[in-house]
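Peer 1: Let me see the structure of the following:
(3 chains)
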Amino acid sequence: MNPDQARAAILAAVAAIPAGAVQSYGRVAQLAGLPKRARLVARTLSQLPDGSGFPWHRVVRAGDCIAFAPGSADFDRQRALLLAEGCKVSTNGRVSPRAAPVATLDEQLWGAMFGDWSGP
DNA sequence: ATACTGACCCCCG
DNA sequence: ACGGGGGCCAGTA
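Peer 2: Numbers count the residues shown, from 1 in each chain, chains lettered A, B, ... in the order given. All right, here's what the predicted structure looks like:
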């Protein structure tokens, strides 16, 4: 998979997160077909132009916690955007999503075929 | 080529 | 709760 395809897949996965829900970097990478590349997701989001309206704020660290340092400008920005979508965000950055995340098309198909079977 | 550095993740004491 | 250590990968110096 070339870098441009990877970038597109990541952005698509992020754009698919519904308002009020959050996903972790690792999960976004996985959904984008890029397992073990959480850092690439972070880097990709970091290079987003601001004011694009792209919902980068729905991506958080594993454990539903904002990745930025509490008190930083970026932290406050992300917190405000999440609050505006109805999530609860504690001052330390812990996020309680208002909505459940939705799976990718692939995952929905797999779920339909195998239910919640989690492996051999 | 080596050496850090990061909007990361996970396990273990 | 909390730090340490390993794994991971793309940029940058």
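Peer 1: how much space between the residue nearest the centre of chain A and residue A:2?
Peer 2: Chain A has residue A:59 as the residue nearest its centroid, 3.0 Å off, counting by CA atoms, centre = their mean. Applying CB to CB, to the nearest Å, the value for residue A:59 to residue A:2 is 22 Å. Every residue, glycine included, has its C-beta placed from N, CA and C.
Peer 1: How about residue A:44?
Peer 2: 14 Å.
Peer 1: and for the two, which residues touch both?
Peer 2: Taking CB atoms under 8 Å, 6 or more residues apart in numbering as the contact rule, residue A:44 and residue A:2 touch no residue in common.
Peer 1: more crowded one of those two?
Peer 2: Per other CB atoms under 10 Å, whichever of residue A:44 and residue A:2 has more neighbours is residue A:44, with 25 against 7.
Peer 1: any idea how far residue A:77 lies from DNA strand B?
Peer 2: Separation of residue A:77 from DNA strand B (CB to the nearest atom of the strand, to the nearest Å): 9 Å.
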